[in-house]
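Trainee: This is a predicted model, with the sequence first.
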Amino acid sequence: MVVGKIISIFDISVEVVLSDDTVKIGDILTVSDDKGYSFEVVSINNVSATCISLGSTRGLKKGSEVVKLSNGIEIEYSDQILGRVFDSYGAPIDGNPIESAGKRNINSGTVSLKDVDVNADILWTGIKVIDFFAPLQKGFRMGLLGGAGVGKTVLIKELIHNVYASINAHAVFVGAGERSREGKELYEEMKESNLLDNMTMVFGQMGDNPVSRSKAVYAGLTLAEYLRNEKKQDVLLFIDNIYRFMQAKSEIATELKQLLIENGYPADMAAEISKVEERISSTDDGSITSFQAIYIPADDYNDEAVQTITSYMDGQIVLDRKVAELGLYPAIDVFKSTSKMVDIEKIGEKHFNLIEEVLRYLTRYQELEEIIAILGIEELSEEDKNIFYRSRKLKYYFSQPMFVAEAFTNIPGQFVKIEDVLIDVENILNGTYDNVDESKFLFIGKYHE
(Lines give C-alpha, C1' and ligand atoms only; values in the text may rest on other atoms or scores of the structure.)
Protein backbone atom coordinates (compact mmCIF):
# COMPACT_ATOMS: atom_id res chain seq x y z
CA MET A 1 0.00 0.00 0.00
CA VAL A 2 1.34 3.46 -0.96
CA VAL A 3 2.03 5.57 2.15
CA GLY A 4 3.41 8.75 0.61
CA LYS A 5 5.20 10.59 -2.17
CA ILE A 6 8.73 12.05 -2.38
CA ILE A 7 8.70 15.85 -2.44
CA SER A 8 12.40 16.71 -2.04
CA ILE A 9 15.81 15.03 -2.31
CA PHE A 10 19.08 16.34 -0.88
CA ASP A 11 22.04 13.94 -1.03
CA ILE A 12 21.01 11.19 1.45
CA SER A 13 18.11 13.19 2.96
CA VAL A 14 14.67 12.58 1.47
CA GLU A 15 11.38 14.35 2.38
CA VAL A 16 8.16 12.37 1.96
CA VAL A 17 4.64 13.77 2.18
CA LEU A 18 2.56 11.12 3.95
CA SER A 19 -0.82 9.77 2.95
CA ASP A 20 -0.94 7.18 5.77
CA ASP A 21 -0.87 7.85 9.51
CA THR A 22 0.62 4.44 10.42
CA VAL A 23 4.15 5.49 9.41
CA LYS A 24 6.40 5.93 12.44
CA ILE A 25 10.05 6.75 13.20
CA GLY A 26 12.31 3.81 12.34
CA ASP A 27 10.08 2.46 9.57
CA ILE A 28 11.68 1.55 6.24
CA LEU A 29 10.09 3.00 3.12
CA THR A 30 10.86 1.89 -0.43
CA VAL A 31 9.97 3.25 -3.87
CA SER A 32 6.90 1.38 -5.11
CA ASP A 33 8.26 0.75 -8.62
CA ASP A 34 11.00 -1.42 -7.03
CA LYS A 35 14.13 0.36 -8.30
CA GLY A 36 16.11 -0.47 -5.16
CA TYR A 37 15.68 2.83 -3.30
CA SER A 38 15.01 2.48 0.44
CA PHE A 39 14.80 5.03 3.25
CA GLU A 40 14.58 5.03 7.04
CA VAL A 41 12.16 7.46 8.71
CA VAL A 42 14.04 9.62 11.25
CA SER A 43 11.45 12.30 12.03
CA ILE A 44 7.78 13.03 11.36
CA ASN A 45 6.26 16.49 11.21
CA ASN A 46 2.47 16.51 10.81
CA VAL A 47 2.00 15.46 7.18
CA SER A 48 5.62 14.82 6.13
CA ALA A 49 8.48 12.55 7.12
CA THR A 50 12.21 13.16 6.89
CA CYS A 51 14.10 10.06 5.83
CA ILE A 52 17.71 9.03 5.26
CA SER A 53 18.54 6.92 2.23
CA LEU A 54 20.03 3.46 2.83
CA GLY A 55 21.93 3.73 -0.46
CA SER A 56 22.59 6.15 -3.27
CA THR A 57 19.84 8.58 -4.30
CA ARG A 58 21.21 8.95 -7.83
CA GLY A 59 18.36 8.63 -10.32
CA LEU A 60 15.68 9.07 -7.66
CA LYS A 61 12.90 11.42 -8.75
CA LYS A 62 10.49 13.72 -6.95
CA GLY A 63 6.95 12.48 -7.09
CA SER A 64 7.92 8.81 -6.73
CA GLU A 65 5.44 6.90 -4.60
CA VAL A 66 6.73 4.97 -1.56
CA VAL A 67 5.47 1.93 0.33
CA LYS A 68 6.32 0.70 3.83
CA LEU A 69 8.29 -2.49 4.40
CA SER A 70 6.54 -4.56 7.05
CA ASN A 71 9.61 -5.75 8.99
CA GLY A 72 12.23 -3.04 8.56
CA ILE A 73 15.92 -3.92 8.10
CA GLU A 74 16.36 -7.62 8.84
CA ILE A 75 19.30 -10.03 8.95
CA GLU A 76 19.47 -13.81 9.09
CA TYR A 77 18.78 -15.12 12.60
CA SER A 78 19.66 -18.82 12.37
CA ASP A 79 22.59 -21.25 12.13
CA GLN A 80 22.94 -20.14 8.50
CA ILE A 81 25.00 -17.13 9.66
CA LEU A 82 28.17 -19.12 10.46
CA GLY A 83 30.87 -18.87 7.82
CA ARG A 84 28.95 -16.12 6.01
CA VAL A 85 29.57 -12.45 5.20
CA PHE A 86 26.71 -9.91 5.16
CA ASP A 87 26.29 -6.25 4.28
CA SER A 88 24.78 -3.75 6.73
CA TYR A 89 21.24 -4.53 5.56
CA GLY A 90 21.44 -8.30 5.96
CA ALA A 91 22.19 -9.35 2.37
CA PRO A 92 24.97 -11.96 1.91
CA ILE A 93 27.95 -10.53 0.00
CA ASP A 94 30.22 -13.58 -0.17
CA GLY A 95 28.76 -14.76 -3.49
CA ASN A 96 26.95 -17.76 -2.03
CA PRO A 97 23.15 -18.17 -1.89
CA ILE A 98 21.44 -18.50 1.48
CA GLU A 99 18.35 -20.50 2.40
CA SER A 100 16.82 -18.36 5.10
CA ALA A 101 15.58 -20.14 8.21
CA GLY A 102 14.40 -16.96 9.92
CA LYS A 103 15.22 -13.27 10.13
CA ARG A 104 15.18 -10.56 12.77
CA ASN A 105 15.07 -6.77 12.78
CA ILE A 106 18.54 -5.37 13.53
CA ASN A 107 17.15 -2.80 15.99
CA SER A 108 15.14 -5.22 18.13
CA GLY A 109 17.81 -6.51 20.49
CA THR A 110 17.50 -5.38 24.09
CA VAL A 111 18.48 -6.90 27.44
CA SER A 112 16.40 -6.11 30.51
CA LEU A 113 18.18 -5.19 33.73
CA LYS A 114 17.06 -8.36 35.51
CA ASP A 115 18.63 -10.55 32.79
CA VAL A 116 22.11 -8.98 32.96
CA ASP A 117 24.68 -11.12 34.78
CA VAL A 118 27.29 -8.89 36.43
CA ASN A 119 29.06 -11.80 38.16
CA ALA A 120 29.98 -13.73 35.02
CA ASP A 121 33.06 -15.92 34.84
CA ILE A 122 36.50 -14.72 33.82
CA LEU A 123 37.21 -15.34 30.13
CA TRP A 124 40.77 -16.65 29.87
CA THR A 125 42.25 -16.19 26.41
CA GLY A 126 45.43 -18.25 26.76
CA ILE A 127 47.41 -15.14 25.72
CA LYS A 128 49.80 -14.45 28.59
CA VAL A 129 50.08 -10.68 28.37
CA ILE A 130 46.29 -10.19 28.20
CA ASP A 131 45.35 -12.70 30.90
CA PHE A 132 48.00 -11.31 33.25
CA PHE A 133 47.71 -7.53 32.79
CA ALA A 134 44.14 -7.06 31.45
CA PRO A 135 42.03 -10.14 32.25
CA LEU A 136 38.55 -10.29 30.74
CA GLN A 137 35.19 -11.09 32.24
CA LYS A 138 32.46 -12.52 30.03
CA GLY A 139 30.31 -9.62 28.85
CA PHE A 140 33.17 -7.09 29.00
CA ARG A 141 33.63 -4.27 26.50
CA MET A 142 37.33 -3.81 25.72
CA GLY A 143 38.80 -1.00 23.68
CA LEU A 144 41.50 -2.09 21.21
CA LEU A 145 43.83 0.77 20.35
CA GLY A 146 46.65 0.66 17.84
CA GLY A 147 47.60 1.81 14.37
CA ALA A 148 48.37 -0.16 11.23
CA GLY A 149 51.15 -2.75 11.22
CA VAL A 150 51.30 -3.49 14.96
CA GLY A 151 49.61 -6.88 14.84
CA LYS A 152 45.95 -6.05 15.47
CA THR A 153 44.59 -8.53 12.89
CA VAL A 154 46.86 -11.35 14.11
CA LEU A 155 45.74 -10.69 17.70
CA ILE A 156 42.07 -10.76 16.66
CA LYS A 157 42.61 -14.07 14.82
CA GLU A 158 44.43 -15.57 17.82
CA LEU A 159 41.65 -14.53 20.19
CA ILE A 160 39.07 -16.16 17.90
CA HIS A 161 41.16 -19.34 17.70
CA ASN A 162 41.91 -19.61 21.43
CA VAL A 163 38.48 -18.81 22.77
CA TYR A 164 36.81 -21.20 20.32
CA ALA A 165 39.30 -23.92 21.23
CA SER A 166 38.82 -23.46 24.98
CA ILE A 167 35.06 -22.89 25.35
CA ASN A 168 33.69 -23.57 21.84
CA ALA A 169 32.63 -19.92 21.42
CA HIS A 170 31.96 -18.38 18.03
CA ALA A 171 32.87 -14.88 16.89
CA VAL A 172 31.26 -12.00 15.02
CA PHE A 173 33.38 -9.45 13.15
CA VAL A 174 31.94 -6.06 12.22
CA GLY A 175 33.75 -3.82 9.74
CA ALA A 176 32.33 -0.33 10.16
CA GLY A 177 33.87 2.40 8.01
CA GLU A 178 37.14 0.61 7.33
CA ARG A 179 38.77 -0.14 3.96
CA SER A 180 37.16 -2.73 1.68
CA ARG A 181 40.62 -4.14 0.93
CA GLU A 182 41.22 -4.85 4.62
CA GLY A 183 37.86 -6.59 4.88
CA LYS A 184 38.65 -8.81 1.90
CA GLU A 185 42.09 -9.61 3.30
CA LEU A 186 40.59 -10.55 6.68
CA TYR A 187 38.03 -12.80 4.99
CA GLU A 188 40.76 -14.61 3.03
CA GLU A 189 42.99 -14.93 6.10
CA MET A 190 40.14 -16.39 8.17
CA LYS A 191 39.45 -18.84 5.37
CA GLU A 192 43.09 -19.92 5.15
CA SER A 193 43.31 -20.28 8.94
CA ASN A 194 40.18 -22.49 8.97
CA LEU A 195 38.49 -19.99 11.30
CA LEU A 196 35.75 -18.82 8.94
CA ASP A 197 33.28 -21.53 9.95
CA ASN A 198 33.62 -20.41 13.58
CA MET A 199 32.51 -16.86 12.85
CA THR A 200 30.24 -14.56 10.89
CA MET A 201 31.10 -11.17 9.40
CA VAL A 202 29.31 -7.91 8.58
CA PHE A 203 30.80 -5.08 6.51
CA GLY A 204 29.68 -1.50 6.01
CA GLN A 205 32.82 -0.23 4.34
CA MET A 206 34.49 3.16 3.95
CA GLY A 207 33.06 3.67 0.46
CA ASP A 208 29.48 3.07 1.61
CA ASN A 209 27.18 5.92 2.60
CA PRO A 210 27.08 6.85 6.32
CA VAL A 211 23.80 5.00 6.92
CA SER A 212 25.38 1.72 5.81
CA ARG A 213 28.46 2.35 7.94
CA SER A 214 26.34 2.92 11.05
CA LYS A 215 23.88 0.06 10.46
CA ALA A 216 26.74 -2.46 10.19
CA VAL A 217 27.17 -2.33 13.96
CA TYR A 218 23.48 -3.04 14.66
CA ALA A 219 23.51 -5.92 12.16
CA GLY A 220 26.58 -7.41 13.85
CA LEU A 221 24.99 -7.08 17.29
CA THR A 222 21.93 -8.99 16.04
CA LEU A 223 24.12 -11.86 14.82
CA ALA A 224 25.94 -11.94 18.18
CA GLU A 225 22.61 -11.94 20.02
CA TYR A 226 21.47 -14.98 18.05
CA LEU A 227 24.56 -16.93 19.17
CA ARG A 228 24.12 -15.78 22.79
CA ASN A 229 20.35 -16.05 23.17
CA GLU A 230 19.45 -18.97 20.88
CA LYS A 231 22.67 -21.02 20.82
CA LYS A 232 23.43 -20.11 24.47
CA GLN A 233 27.08 -19.41 23.73
CA ASP A 234 29.79 -17.06 24.89
CA VAL A 235 30.43 -14.87 21.85
CA LEU A 236 33.40 -12.72 20.85
CA LEU A 237 32.34 -9.54 19.04
CA PHE A 238 34.96 -7.48 17.18
CA ILE A 239 34.00 -4.00 15.99
CA ASP A 240 36.47 -2.28 13.68
CA ASN A 241 36.04 0.67 14.09
CA ILE A 242 33.60 1.97 16.71
CA TYR A 243 34.87 5.54 16.17
CA ARG A 244 33.92 5.29 12.47
CA PHE A 245 30.41 4.35 13.61
CA MET A 246 30.19 7.63 15.51
CA GLN A 247 31.73 9.46 12.57
CA ALA A 248 28.97 8.09 10.31
CA LYS A 249 26.35 9.29 12.80
CA SER A 250 27.94 12.75 12.65
CA GLU A 251 27.65 12.81 8.86
CA ILE A 252 23.98 11.86 9.08
CA ALA A 253 23.32 14.54 11.70
CA THR A 254 25.05 17.14 9.50
CA GLU A 255 22.96 16.07 6.52
CA LEU A 256 19.77 16.43 8.56
CA LYS A 257 20.90 19.85 9.88
CA GLN A 258 20.64 18.67 13.47
CA LEU A 259 22.25 20.42 16.43
CA LEU A 260 25.97 19.60 16.62
CA ILE A 261 28.41 19.99 19.48
CA GLU A 262 32.15 20.71 19.34
CA ASN A 263 34.06 19.01 16.48
CA GLY A 264 30.81 18.34 14.63
CA TYR A 265 29.52 15.43 16.73
CA PRO A 266 25.75 15.02 17.21
CA ALA A 267 24.26 16.28 20.45
CA ASP A 268 22.84 12.82 21.19
CA MET A 269 26.24 11.13 20.83
CA ALA A 270 26.13 9.49 24.27
CA ALA A 271 22.67 8.05 23.56
CA GLU A 272 23.85 6.62 20.22
CA ILE A 273 26.88 4.96 21.83
CA SER A 274 24.81 3.61 24.73
CA LYS A 275 22.36 2.00 22.27
CA VAL A 276 25.24 -0.12 21.02
CA GLU A 277 27.06 -0.78 24.29
CA GLU A 278 23.95 -1.75 26.27
CA ARG A 279 23.38 -4.67 23.90
CA ILE A 280 26.80 -6.09 24.82
CA SER A 281 26.45 -7.99 28.08
CA SER A 282 26.40 -11.32 29.86
CA THR A 283 23.14 -13.15 30.67
CA ASP A 284 22.18 -16.53 32.10
CA ASP A 285 22.06 -17.89 28.53
CA GLY A 286 25.52 -16.74 27.44
CA SER A 287 27.60 -13.64 26.91
CA ILE A 288 28.83 -11.17 24.32
CA THR A 289 32.38 -10.02 25.01
CA SER A 290 33.53 -7.28 22.67
CA PHE A 291 36.81 -5.90 21.40
CA GLN A 292 36.23 -2.51 19.84
CA ALA A 293 38.95 -0.84 17.81
CA ILE A 294 39.01 2.88 18.58
CA TYR A 295 40.58 5.27 16.07
CA ILE A 296 42.17 8.27 17.81
CA PRO A 297 41.82 11.33 15.51
CA ALA A 298 45.09 13.26 15.35
CA ASP A 299 46.25 11.22 18.41
CA ASP A 300 43.89 13.37 20.51
CA TYR A 301 42.75 11.19 23.40
CA ASN A 302 40.66 14.14 24.67
CA ASP A 303 38.47 14.09 21.54
CA GLU A 304 34.80 14.16 22.61
CA ALA A 305 33.87 10.99 20.71
CA VAL A 306 36.89 9.08 22.01
CA GLN A 307 36.11 10.15 25.57
CA THR A 308 32.45 9.14 25.23
CA ILE A 309 33.31 5.72 23.76
CA THR A 310 36.00 4.90 26.31
CA SER A 311 33.66 5.83 29.17
CA TYR A 312 31.61 2.73 28.26
CA MET A 313 34.63 0.40 28.13
CA ASP A 314 35.53 -2.06 30.90
CA GLY A 315 39.17 -1.84 29.90
CA GLN A 316 41.52 -1.32 26.99
CA ILE A 317 44.32 -3.17 25.20
CA VAL A 318 46.86 -0.86 23.61
CA LEU A 319 49.11 -2.10 20.81
CA ASP A 320 52.33 -0.12 20.62
CA ARG A 321 54.62 0.35 17.62
CA LYS A 322 57.72 0.65 19.85
CA VAL A 323 57.05 -2.82 21.27
CA ALA A 324 56.51 -4.19 17.75
CA GLU A 325 59.82 -2.67 16.61
CA LEU A 326 61.55 -4.75 19.30
CA GLY A 327 60.08 -7.86 17.66
CA LEU A 328 57.93 -8.69 20.69
CA TYR A 329 54.45 -9.95 19.80
CA PRO A 330 51.71 -9.45 20.85
CA ALA A 331 53.00 -5.86 20.83
CA ILE A 332 50.95 -4.74 23.84
CA ASP A 333 51.86 -1.73 25.98
CA VAL A 334 51.36 -3.14 29.50
CA PHE A 335 51.37 0.32 31.10
CA LYS A 336 48.41 1.57 29.07
CA SER A 337 46.45 -1.70 28.95
CA THR A 338 43.90 -1.90 31.75
CA SER A 339 40.88 -3.89 32.93
CA LYS A 340 38.26 -3.49 35.64
CA MET A 341 39.05 -7.10 36.57
CA VAL A 342 42.37 -5.98 38.06
CA ASP A 343 40.92 -5.97 41.56
CA ILE A 344 42.15 -7.99 44.50
CA GLU A 345 38.58 -9.23 45.13
CA LYS A 346 38.19 -10.50 41.55
CA ILE A 347 41.53 -12.01 40.55
CA GLY A 348 42.91 -12.84 43.98
CA GLU A 349 45.71 -11.42 46.12
CA LYS A 350 48.55 -13.33 44.43
CA HIS A 351 47.70 -12.23 40.89
CA PHE A 352 47.01 -8.64 41.96
CA ASN A 353 50.29 -8.32 43.85
CA LEU A 354 52.28 -9.83 40.99
CA ILE A 355 50.85 -7.26 38.55
CA GLU A 356 51.90 -4.42 40.85
CA GLU A 357 55.40 -5.89 41.27
CA VAL A 358 55.92 -6.48 37.55
CA LEU A 359 54.83 -2.93 36.73
CA ARG A 360 57.20 -1.63 39.42
CA TYR A 361 60.05 -3.61 37.88
CA LEU A 362 59.30 -2.47 34.34
CA THR A 363 58.98 1.17 35.42
CA ARG A 364 62.37 0.99 37.14
CA TYR A 365 63.78 -0.78 34.07
CA GLN A 366 62.93 2.24 31.89
CA GLU A 367 64.76 4.52 34.32
CA LEU A 368 67.78 2.18 34.41
CA GLU A 369 68.01 2.11 30.61
CA GLU A 370 68.72 5.84 30.64
CA ILE A 371 71.31 5.48 33.42
CA ILE A 372 73.06 2.60 31.63
CA ALA A 373 73.20 4.59 28.38
CA ILE A 374 75.21 7.27 30.17
CA LEU A 375 77.21 5.47 32.90
CA GLY A 376 77.20 1.79 31.91
CA ILE A 377 75.69 -1.19 33.71
CA GLU A 378 78.63 -1.66 36.09
CA GLU A 379 77.66 1.51 37.95
CA LEU A 380 74.35 -0.02 39.04
CA SER A 381 73.74 -1.44 42.52
CA GLU A 382 73.24 -5.19 42.86
CA GLU A 383 69.52 -4.67 43.41
CA ASP A 384 69.19 -2.54 40.27
CA LYS A 385 71.15 -5.09 38.25
CA ASN A 386 68.69 -7.78 39.33
CA ILE A 387 65.75 -5.56 38.42
CA PHE A 388 67.29 -4.81 35.02
CA TYR A 389 68.00 -8.43 34.03
CA ARG A 390 64.77 -9.83 35.46
CA SER A 391 62.76 -7.12 33.69
CA ARG A 392 64.33 -8.13 30.38
CA LYS A 393 63.29 -11.73 31.05
CA LEU A 394 59.75 -10.53 31.83
CA LYS A 395 59.54 -8.49 28.61
CA TYR A 396 60.64 -11.54 26.62
CA TYR A 397 58.40 -13.89 28.59
CA PHE A 398 55.25 -11.94 27.66
CA SER A 399 55.94 -12.52 23.97
CA GLN A 400 54.18 -15.63 22.73
CA PRO A 401 54.07 -17.93 19.69
CA MET A 402 50.62 -17.76 18.11
CA PHE A 403 48.65 -20.58 16.51
CA VAL A 404 47.53 -18.41 13.59
CA ALA A 405 51.14 -17.39 12.83
CA GLU A 406 52.64 -20.91 12.82
CA ALA A 407 52.94 -20.96 9.03
CA PHE A 408 55.13 -17.82 9.12
CA THR A 409 57.20 -18.42 12.26
CA ASN A 410 57.54 -22.23 12.24
CA ILE A 411 57.01 -22.06 16.02
CA PRO A 412 54.03 -24.08 17.34
CA GLY A 413 51.35 -21.88 18.94
CA GLN A 414 50.90 -22.03 22.70
CA PHE A 415 47.80 -21.66 24.90
CA VAL A 416 49.05 -20.79 28.38
CA LYS A 417 46.94 -21.20 31.52
CA ILE A 418 46.96 -18.30 33.95
CA GLU A 419 48.16 -20.60 36.75
CA ASP A 420 51.34 -21.31 34.76
CA VAL A 421 51.83 -17.60 34.02
CA LEU A 422 51.66 -16.72 37.72
CA ILE A 423 54.20 -19.43 38.63
CA ASP A 424 56.66 -18.31 35.94
CA VAL A 425 56.33 -14.60 36.74
CA GLU A 426 56.81 -15.25 40.47
CA ASN A 427 59.90 -17.35 39.76
CA ILE A 428 61.41 -14.64 37.54
CA LEU A 429 60.81 -11.98 40.19
CA ASN A 430 62.22 -14.20 42.98
CA GLY A 431 65.44 -14.83 41.06
CA THR A 432 64.80 -18.55 40.48
CA TYR A 433 65.80 -18.12 36.84
CA ASP A 434 68.65 -15.63 37.34
CA ASN A 435 71.15 -18.08 35.80
CA VAL A 436 68.95 -18.76 32.75
CA ASP A 437 69.80 -16.83 29.58
CA GLU A 438 67.09 -14.27 28.76
CA SER A 439 66.78 -15.60 25.19
CA LYS A 440 65.22 -18.78 26.64
CA PHE A 441 62.11 -16.74 27.52
CA LEU A 442 61.50 -15.39 24.01
CA PHE A 443 58.44 -16.78 22.23
CA ILE A 444 57.67 -19.63 24.59
CA GLY A 445 54.53 -20.83 26.36
CA LYS A 446 55.13 -21.66 30.01
CA TYR A 447 58.72 -22.05 31.26
CA HIS A 448 58.48 -24.17 34.42
CA GLU A 449 58.15 -27.95 34.19
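Mentor: Thanks, I have the structure now.

Trainee: drop to CA atoms for contacts and neighbour counts, all remaining ones
Mentor: Fine.

Trainee: And the helices in this structure?
Mentor: In the chain, the helices defined using DSSP state H lie at 128-133, 152-167, 180-192, 210-225, 242-255, 269-277, 304-310, 321-325, 344-347, 349-375, 382-397, 406-409, 418-430.

Trainee: can you redo the ones you listed as TSV with mean neighbour count?
Mentor: What follows is the helices of the chain, written out as TSV (neighbours: other C-alpha atoms under 10 Å):
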stretch	mean neighbour count
helix 128-133	23
helix 152-167	19
helix 180-192	15
helix 210-225	26
helix 242-255	21
helix 269-277	15
helix 304-310	18
helix 321-325	15
helix 344-347	12
helix 349-375	15
helix 382-397	19
helix 406-409	10
helix 418-430	18
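
Trainee: Could you dump those helices into CSV and include distance to Ser8 and mean pLDDT?
Mentor: Supplementary listing: these in CSV, determined by distance: least, C-alpha to C-alpha, whole Å; pLDDT from 0 to 100:
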stretch, distance to Ser8, mean pLDDT
helix 128-133, 53, 96
helix 152-167, 44, 83
helix 180-192, 32, 80
helix 210-225, 19, 93
helix 242-255, 14, 90
helix 269-277, 27, 91
helix 304-310, 32, 90
helix 321-325, 49, 87
helix 344-347, 57, 93
helix 349-375, 61, 92
helix 382-397, 62, 93
helix 406-409, 56, 84
helix 418-430, 61, 96
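
Trainee: Format those as JSON lines; extra columns: distance to Ile25.
Mentor: Formatted as JSON lines, the helices of the chain follow (distance: least, C-alpha to C-alpha, whole Å):
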{"stretch": "helix 128-133", "distance to Ile25": "43"}
{"stretch": "helix 152-167", "distance to Ile25": "37"}
{"stretch": "helix 180-192", "distance to Ile25": "31"}
{"stretch": "helix 210-225", "distance to Ile25": "15"}
{"stretch": "helix 242-255", "distance to Ile25": "15"}
{"stretch": "helix 269-277", "distance to Ile25": "15"}
{"stretch": "helix 304-310", "distance to Ile25": "25"}
{"stretch": "helix 321-325", "distance to Ile25": "45"}
{"stretch": "helix 344-347", "distance to Ile25": "44"}
{"stretch": "helix 349-375", "distance to Ile25": "49"}
{"stretch": "helix 382-397", "distance to Ile25": "54"}
{"stretch": "helix 406-409", "distance to Ile25": "51"}
{"stretch": "helix 418-430", "distance to Ile25": "49"}
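
Trainee: out of the ones you listed, which comes closest to Arg84?
Mentor: Closest to Arg84 of the helices of the chain is helix 180-192 (C-alpha to C-alpha; 9.7 Å).

Trainee: before we move on, the earlier item: what about the helices of the chain, which gets the closest to Lys62?
Mentor: Minimum separation from Lys62 across the helices of the chain (C-alpha to C-alpha) falls at helix 242-255, 18.5 Å.

Trainee: now the angle between helix 210-225 and the closest one, please.
Mentor: On the basis of axes from the mean of the first three to the mean of the last three C-alpha atoms, to 10 degrees, helix 242-255 is oriented at 140 degrees to helix 210-225.

Trainee: And the contacts of helix 242-255?
Mentor: 11-13, 52, 176-178, 210-211, 213-214, 217, 259-260, 264-266, 269, 272-273, 292-296, 305-306, 309 (C-alpha atoms under 8 Å, 6 or more residues apart in numbering).
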